[in-house]
Structures are given as structure tokens and as C-alpha cells.
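Peer 1: take this sequence and fold it.
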Amino acid sequence: MSKVCNIEGYAKCPLPAHKHHDECILHCSKEDAQYDYHKAWEDLDLFKKELLNYILDALFSYKKEDEKLNRENVSAYLRDELPIDESLEAKIKDVTVVFNHIAFPVYDERDSFNYIPILQKLGKIHFNYCKFYVAWMELPEVEVYFQDCEFYDCWNLQNYAMLENVDNVIYQGCDFQDSVSYASGEENIYLDYSQFMDCSFSELEFANSVFKKPLFQNSTHFKGSSIEKLSFQKCTHEAEFTFKQIEIEYFDINKCVFKSKFEMEKVTTHETRIMYSSFESILELLNCTFAEFFMYKTTCDAFASFEFSKFGSFNRKEAASVKFEYVTFRDFVNFRSVIFNGGLQLSRAYFKEYPNFLYADINSDNTDVETFRIIKHSFDKVGNTTEANRYFALEMDKQKKETSFWNHPEKKIILFLNRIFSDYGQSYLLPFVWLCILTIAYALTLDFAETFTIKEFFPNNYQQIQSIINNMNHFAKNIIPYQKFLKEGMEFVSLIFLLFYTVFIYHFIVAVKRRTKR
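Peer 2: The predicted structure is shown next:
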């Protein structure tokens, strides 16, 4: 006596176990047929036969037999052996057929065991804990709902009509072990309903797609923790696009239009590219982490926020710079509390309003001068002089590094001296230290002059050197503002020290004012 189907997690199935499986032909794995279904021709033919019986049992568990809706007529109709009868068709389409734990094998439209035409005659299908070894199912006029299903092949989405369910999605709690795609050639194709809730993915790719409803429903939860690839090419999102708490290896948006809010929260991506796209509503990337981020020729028409996000890997030496090239922000932009581990490039970005960089942390190594200038002006505009001065120092330091001594020696020297004298006016301690050093040096110089004479050091050229010193002292005496401060016999040396005193005092006063200015 053959053993009975032992399908786990489901009520007892009356069918016998199929060959070496513990389950029947409906519930057993179809992995072998997935790779060579012609070798399993007999098995697939048997599957179609038993699937038909399963559907008939499901239909007549809801409907009592009448003159037209009897098992023989319905069976003939499903097998295309009975002409279409609108009354019979309406009664069949009114019933929801629930497929429990059934494993659907691969098929070919030309083969006799193609079971899809049978499914196409149904009106409502609920796939519950089913397994799919096929790449797609064309069910154009059938309302469908996939719950806790597993997909083992590349799955091509269809614009299914949605079977009414609590969460208003097509796929709930499903596991896609290979890529999921929805694409066409040149013409746009539509997805009229929300597709996913609590699902896990490997890759998601969409091209020439128009989303009428949010792609992810209740996107705060994903069944899986990561996605290898999420790609949108020439897509239009008419509804909100929101997803949260997920890790994405590669995220690509190219030539897309987002007509409603685009929101990412607590999302980690290893590589993100947004190119030739348009965000017509709010763009919000909150508390996200982007190892590599590049935005190119993209327009943000409304408020854009990147608050609390991190750009670049945590190893600042290896982190790549974040680039916004030819990106137009037509409204306010918020970079508050954002960390740029690899630096920031805004020199080719366009802002209608100055952005907010309060509490931002930017690695200056890969950040250009123009970016620091933009940030400095943004703080100047709102009266935050402390932060404006800090970014002014970063701007000057960047200019010093980028200025060649051989091309602009005077500029290089001035920037260098400003850096060591007061850190471009940011430190009042530096000029104070220099004043102390200068005072000590001046005192030592006076002691040295009183102890030694020029004749002791230059006995052979004493007269020539004394003449030069006298001329220098005479020149110093003619600097009227400093005349009364010059030491007799050492006028020129005193003048040099006084000039440095003036410079350090000036830097000290500027630094103090920048720290205390209201």
C-alpha cells in the first residue's frame, strides 16, 4: 500500500506520495522539472490532472451543483472542451480558489501539460504557502494574492488584479530567492496595486514602469535583512516611495520621476547612484548610511533632507567623497547632523536656498574650496558667525593646500603664516603663545646686544657692517608711528619686533572677537 502524502504544515492530503517523495504530485518539490521538465513529462502531466481535480474540489466546496454548474461541465470548461458560457463563467469566477502548499512546476506554452490556461479561467486565486519554480504566470483577468509563498526562479512581475485582503498587497510574507523584475522595451507598463509587504528579496529591477500605488506596503518591516540590488530605470512613481530598516548592496535610480514623497529611513547601502532623475515632492533620507553615494544631473523641486545620515565608510582614510554634480535644489536642503567621512563635493551643485549644515561633520581631505565657501555663506546668512568662521578656516586651509608656491608664492606665504599664527583667526591661544615667544626673543636680543659688539664678531669688516646697520636704523627712525617705541642704536631690530607684535596682537584681537561676537 502506497503511503499517503505527508505535507508538513497542512491538513492531511488524500493523494498518495509521489515516487521518492513524501508528498503527493501537487505538494512535492519540482526542482528536477525546473531544470529539465521534458524528462519529467509524465510527472508534469499528472500534476496538471491532479491540479484540475483540486480546483474542482475547491469550486464545489463553495457551490452546489446545478444544471450548468456541475462537476462534469466545469471540468470540460476548464479543459477547453466546452464552449464558453457566460453564466457558467461568471459562477466560476465568483469563487475564490485557495491553493495551499502547492508547488507549481515550470511549463512551456507549447506543451500539453501547460496548466496556466486552467488558472486563467478562474476569477479569484489565493496562493497560500505555495512554491513556484516558474518565471511568471500570465493571469490577466484573475484577482490574485500571494501569501507566504516561495519563488525559486527569476520572477517576472505581472500587473495582476489584486484579490481583496487586509493589507491590500499582491505579495505578503513571500521569499524571492532569485531576482524579481518588471520591465518592457520602450513603452511604459503599469503596476496598479501595492506589490510587497514583509517579503525578502535578492534583487529587484524595474524598467519603464509606472507605479500607481506604493511599491512597498508597510515598509518598516522586511522579511529579509538585505537586498543585493534595487534598480529603477526610466520609472515613474506616482505614489509615495518608502522603505526602511533594510540593507542594500547596490541601489540605482536612473532617469526616474518621483511625483510623491521619497523616503528612506535607517537604510544602509554600499553603493548608491541617482542620475538624470527628478524628485517633484519631498526627498527625505533620514538616519541612513551610504558607503558610496553619487548624485548626477538630478532635480529636487521640494524640501530635501539628509538629516542624521552617514556618507562614506567608517574608515575615513578609505572613504570616498560624496558628489552632487549638476544637482539642482529648488527648495530648502537640510544636511543637519550629517557625517561625511569621505568628504563632500558641492562645487557643481545649484542651490536656490542656502543649505543647513548645523552639526555636520565633514572630512576636509576630499572636500573642495567651493564646498566650504557654500557652507560658510549658509551660516553667514542665518547669523551663525561661529560656524561660519570655522568653515572660513577650512576654506583657507584648503586654499593653502591647493595653491602652488611656484605659481603664487606671495599667496602661499600669506596663507601659511595665517595658518601658523592663529589658524586663520580661529585660535586666540596661538597668537598669545607667539607673543610670549616674541617677548622672550626680544629680551634675549637686548641682552645679547649689550654683551657683545659687532667688532668682536666681524673684526675685518667692522666698518662696512656698521655702516649698513646705521643706514637700516636711519630707515627705521623714519617710520613715524613707531619712532617713540624704538630702542636707540637698535631701531631696525626694534621695528621688526614691533611689526610682529602688531601682527600677533591683531590676530589675537580678531580671534577673540570671532569667539565673542554677538
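Peer 1: my guess is residue 313 contacts residue 291, does it?
Peer 2: Yes - using C-beta atoms under 8 Å, residue 313 makes contact with residue 291 at a distance of 5.1 Å. Heads up, the C-betas are built off the backbone N, CA and C, glycines and all.
Peer 1: can you check which residues contact both of the two?
Peer 2: 319, 320 (C-beta atoms under 8 Å, 6 or more residues apart in numbering).
Peer 1: which residues in the stretch 201-350 of the chain form helices?
Peer 2: Taking DSSP state H, counting those that start in this stretch as the criterion, the stretch 201-350 of the chain carries no helices.
Peer 1: for residue 313 and residue 291, indicate the residue with more neighbours.
Peer 2: Shown here are residue 313 and residue 291; by other C-beta atoms under 10 Å, residue 291 has more neighbours (20 against 17).
Peer 1: from residue 239, how far off is that one?
Peer 2: 29 Å (C-beta to C-beta, to the nearest Å).
Peer 1: what's around the closest residue in space to residue 238 that isn't next to it in sequence, how many residues?
Peer 2: Closest residue to residue 238 apart from its sequence neighbours, by C-beta to C-beta, 6 or more residues apart in numbering: residue 259 at 5.1 Å. By other C-beta under 10 Å, 16 other residues sit near residue 259.
Peer 1: just checking, residue 259 touches residue 237?
Peer 2: Yes - if you go by C-beta under 8 Å, residue 259 and residue 237 touch, sitting 6.4 Å apart.
Peer 1: contacts only, for the residue nearest to residue 238.
Peer 2: 236, 237, 238, 280, 281.
Peer 1: quick one: it from residue 235, how far?
Peer 2: 11 Å.
Peer 1: any common contacting residues for the two?
Peer 2: Listed contacts common to residue 259 and residue 235 are nil; contacts here mean C-beta under 8 Å, 6+ apart.
Peer 1: what mean pLDDT does stretch 394-402 get?
Peer 2: On average, the pLDDT along stretch 394-402 is 72.
Peer 1: would you map the helices across the protein?
Peer 2: Secondary structure of the chain (DSSP state H): helices at 31-35, 41-60, 71-78, 86-93, 116-120, 369-381, 385-402, 409-422, 429-451, 454-457, 462-477, 491-516.
Peer 1: export those to CSV and tack on distance to residue 363 and mean neighbour count?
Peer 2: Conversion of these to CSV gives the following (distance: least, C-beta to C-beta, whole Å; neighbours: other C-beta atoms under 10 Å):
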stretch, distance to residue 363, mean neighbour count
helix 31-35, 50, 15
helix 41-60, 60, 17
helix 71-78, 66, 17
helix 86-93, 62, 14
helix 116-120, 56, 15
helix 369-381, 11, 20
helix 385-402, 11, 18
helix 409-422, 19, 15
helix 429-451, 23, 14
helix 454-457, 52, 12
helix 462-477, 47, 14
helix 491-516, 23, 17
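Peer 1: so for residue 265, which of those sits nearest?
Peer 2: In terms of C-beta to C-beta, the element of the helices of the chain nearest to residue 265 is helix 369-381, at 24.8 Å.
Peer 1: now for that closest one, which elements pack on it?
Peer 2: Where contact means 3 or more C-beta pairs under 8 Å, 6 or more residues apart in numbering; DSSP states H and E, helix 369-381 is packed against helix 385-402.
Peer 1: how far does the helix it packs on sit from the chain's center?
Peer 2: From the chain centre to the centre of helix 385-402 is a distance of 29 Å (C-alpha atoms, centre = their mean, to the nearest Å).
Peer 1: which strands and helices lie in contact with it?
Peer 2: helix 369-381, helix 409-422, helix 491-516.
Peer 1: going by mean pLDDT, which of these comes out lowest?
Peer 2: Mean pLDDT is lowest for helix 409-422 among those, at a mean of 68.
Peer 1: surely residue 323 meets residue 294?
Peer 2: Yes - Residue 323 is within contact range of residue 294, at 5.2 Å (criterion: C-beta under 8 Å).
Peer 1: which one of those two has more residues nearby?
Peer 2: Legend: neighbour count by other C-beta under 10 Å for residue 323 and residue 294, higher for residue 323 (20 against 17).
Peer 1: number of nearby residues for the nearest residue to the more buried one once chain neighbours are set aside?
Peer 2: Nearest residue to residue 323, sequence neighbours excluded (C-beta to C-beta, 6+ apart): residue 345, at 4.4 Å. Using other C-beta under 10 Å, the number of residues around residue 345 comes to 19.
Peer 1: who touches residue 345 in this structure?
Peer 2: Per C-beta under 8 Å, 6+ apart, neighbours of residue 345: 321, 322, 323, 324, 325, 366, 367, 368, 371.
Peer 1: repeat that with 10 Å
Peer 2: Neighbouring residues of residue 345 by C-beta atoms under 10 Å, 6 or more residues apart in numbering: 294, 321, 322, 323, 324, 325, 366, 367, 368, 370, 371.
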